[in-house]
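here's a sequence, model it:
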Amino acid sequence: MASTPASSPLSSRRQRSKPSLQVKPWEWFWLTLWVLLLAGSGIFCGWALMWLTRIPPLPDCDQVTPFHSESDLLYCAKAQARTGEPNSLVQAVLLTANWPKTHSKYDESQEILKDASEQILVLANSWVQAGKLEDAIELAEKIPLNTPLRKSAQAVIFEWRQDWEQGRAIEAKLKPALAASDWALAKTYLQEFKALKSDYWLTTRYVFWQQQFLVEQQAWNQLLQARALASTNKIENLRQAVVLARDIDLRSQVWQAAENDIDAWSKTVLDVALQRWQVGDRAGALELASVVPPSPSLLPAAQELLALSYAQTLAAQADPSGVAPRYSHMFGLMAAISAVNQLPANSAYAAADLSSVDQWSEQLTDLRRLTFSDMVARLGQRPTYDWAIHQAQMVEVDRPRRIQGQTMVAQWQANLQRIADRPILAEARSLAKPGTIAALETAIAKASEVELGRALRVEAQTLVAEWQQEIQVIEDRPMLDAAVALAEQDKLKEAIAEANKIQPGRALHSRAQGLVQEWTATIQIAEDKPILDEAKDLAYSGSLTAAINLAGQIGAGRALSDEASNAIALWKAERAYIWSIWEAEGRPVPGGDSSSTTESE
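Modelled structure (predicted):
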């Protein structure tokens, strides 16, 4: 019986020769633990590296306190000093004020402290120059004690206070001097401002009081003029005195003195106005009362007359002249009617003025109608214009607003014409776009449909004239181009003849004539230059008379006529000088300019 492979000696030896790969359980435990430790140490090292190399977050400077780190304090102090804002500068100073000298960053903190303190002083000084003394002092005093600029801050605060005391003392003297109209003394006090150091007093307050000086002077002169008029005891001069005094500048101290005069003069004016009313001169009475200011101390009759005068003034200001109605006129008429209606029922003025109130009421009714019509017409549509025109035409012929209403109607009708004719012009412009003669003639015919007297007639005729000129340009351009081509071939005479074919009044006529003048000048220069050159040669050779006679052949108006005239004048002067020498020497002198004798000797 044969033996099996598994039981053969060779097979048994091969199996024993392979190493065993089996791992015991306890070996698996230590192997896993070692791998975990290795991985954990790597993660830890990476985290540690990130923590060591990360950028620290910036501090919140709004919440910084002395308990923060020195680097945070310096960072915030420097950042706040850069802003230039007063509160930030003060905070920067406080963050760097109390650092010990032994600190490693003491020098850096002192630089920030000095910079912030200097900015505080500069800012405070600008406030002083703007007149904000107390704010400036409060800011400058924020520089702490025992800091480099504390003494400087106290010194400038002292200077500011001194300037302010002196400036206020000058103002305290200047004001009563102006009130007393002592101009010489006031000028002396004004000059004292120049001794102060602050720009606020040197410029701002000085300019203010200088202007006040002029105001007081003008007001005083005005009051003196008014008093001079009032002293004549003439009612018209007294009325003018009231007007002049009431016009005195209210900023002046003179106004207080003028008020007493105005009250006294006004009573006299009102007394005369009442007398005129009683004798039937109502227009004169109202004219006098119109200049009197209202006052509660007046008698009832005077107050009623003033109210009536006030109403008349308001009604007169509602002048119906002008195109568009104004809301101010409407309110003025309403106020005038109200002023008269508030008069007592038994007032003689109210009873006498009922006709005026009726007229104002009628005018107010028409003004309201026109105002609303104008508002509707501004919508710019045909129906709104038609409605507005209908409303405005309801203002009757004998009413004050009739002319204004008709003027508005004329404007609205013109706008309606524009609405109707604008499409015609738009179509005409569209027809003219090809730019051909046929297209332009068609456009002209279309634009001519806008009839005479229509709102767009002028615009239509302007377009027609432009298109007619374009047609002329198209027709005459070949002739002008042909003339230019001949001129470029030096055929100037032929070019001139061709250009002259363009008739006067044509679009290109002025251009053609400019070219004709240019070419004519070229021809004349070519003809006359040899003559002038020959004359110059004669003159250079000493034959001045011959040169003069030859140059004289160049006629006036030719291209070289001015040059020839200048040369002739020069040669005649030179010849006269030579002849004067000959005469002094006793030599014969030719009889005149026309002599053919040469001067070569």
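
rest of the way, CA atoms for contacts and neighbours
Will do.

list the contacts of A116.
Residues in contact with A116, defined by Cα atoms under 8 Å, 6 or more residues apart in numbering, are 81, 89-90, 92-93.

apply 6 Å and report the result again.
81, 89 (Cα atoms under 6 Å, 6 or more residues apart in numbering).

in what helix or strand does it lie?
Using DSSP states H and E, A116 sits within helix 106-129.

continuing past that helix, what's the next helix or strand?
helix 133-140.

buried stuff in the helix or strand containing E441?
Per DSSP H and E, E441 falls inside helix 437-447. Buried positions in helix 437-447, judged by neighbour count with 16 or more other Cα atoms under 10 Å: 437, 439-441, 443-444, 446-447.

and what of stretch 478-491?
Here stretch 478-491 shows 479-480, 483-484, 486-487 as buried, counting by 16+ other Cα under 10 Å.

return the member of these nearest to W99.
V484 (93.5 Å; Cα to Cα).

so how far is D490 from that closest one?
10 Å (Cα to Cα, to the nearest Å).

can you tell me the closest non-neighbouring residue to A388?
With Cα to Cα, 6 or more residues apart in numbering as the criterion, A388 has its nearest non-adjacent residue at 4.6 Å, and that residue is S373.

on the three-state scheme, that neighbour is what?
Put simply, S373 is helix when judged by DSSP: H, G, I helix; E, B strand; the rest coil.

show me where the stretch 301-450 of the chain dips below the pLDDT cut-off.
For the stretch 301-450 of the chain, applying pLDDT under 70 flags the ranges 301-307, 321-323, 343, 345-355.

and the helices in it?
With helices called from DSSP state H, counting those that start in this stretch, the stretch 301-450 of the chain shows them at 327-341, 348-352, 354-377, 382-392, 402-432, 437-447.

least trustworthy helix or strand in the chain by mean pLDDT?
Averaged element by element with mean pLDDT, DSSP states H and E, the chain has its least confident helix or strand at helix 9-17 (a mean of 38).

can you pull out the helices in the stretch 501-601 of the chain?
509-540, 544-551, 561-585.

D182: which of those is closest?
Across these, closest to D182 is helix 561-585 (Cα to Cα), at 72.6 Å.

roughly how far out does that closest one sit from the chain middle?
Helix 561-585 sits 63 Å away from the centroid of its parent chain (Cα atoms, centre = their mean, to the nearest Å).

adding distance to L544 as columns, could you present the helices of the stretch 301-450 of the chain in CSV?
Supplementary listing: the helices of the stretch 301-450 of the chain in CSV, determined by distance: least, Cα to Cα, whole Å:
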stretch, distance to L544
helix 327-341, 87
helix 348-352, 102
helix 354-377, 85
helix 382-392, 86
helix 402-432, 66
helix 437-447, 62
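
looking at the ones you listed, which is closest to S231?
Of the helices of the stretch 301-450 of the chain, nearest to S231 by Cα to Cα is helix 348-352, at 30.8 Å.

just to revisit the earlier point, return the most buried member of the helices of the stretch 501-601 of the chain.
helix 544-551 (a mean of 23; mean count of other Cα atoms under 10 Å).

what pLDDT, on average, does it get?
Across helix 544-551, the average pLDDT comes to 91.

cool, and stretch 590-597?
49.

on that earlier part again, which among the buried residues of stretch 478-491 gets closest to K114?
V484 (82.9 Å).

quick one: what helix or strand has the closest one in it?
helix 457-488.

what angle do that helix and helix 437-447 make?
Per axes from the mean of the first three to the mean of the last three Cα atoms, to 10 degrees, the angle that helix 457-488 makes with helix 437-447 is 160 degrees.

just checking, what packs against helix 457-488?
With contacts defined as 3 or more Cα pairs under 6 Å, 6 or more residues apart in numbering; DSSP states H and E, the packing partners of helix 457-488 are helix 437-447, helix 492-499.

those helices into CSV, with extra columns for distance to Q524?
Output for the helices and strands packed on helix 457-488, formatted as CSV (distance: least, Cα to Cα, whole Å):
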stretch, distance to Q524
helix 437-447, 39
helix 492-499, 11
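
appreciated, that's everything.
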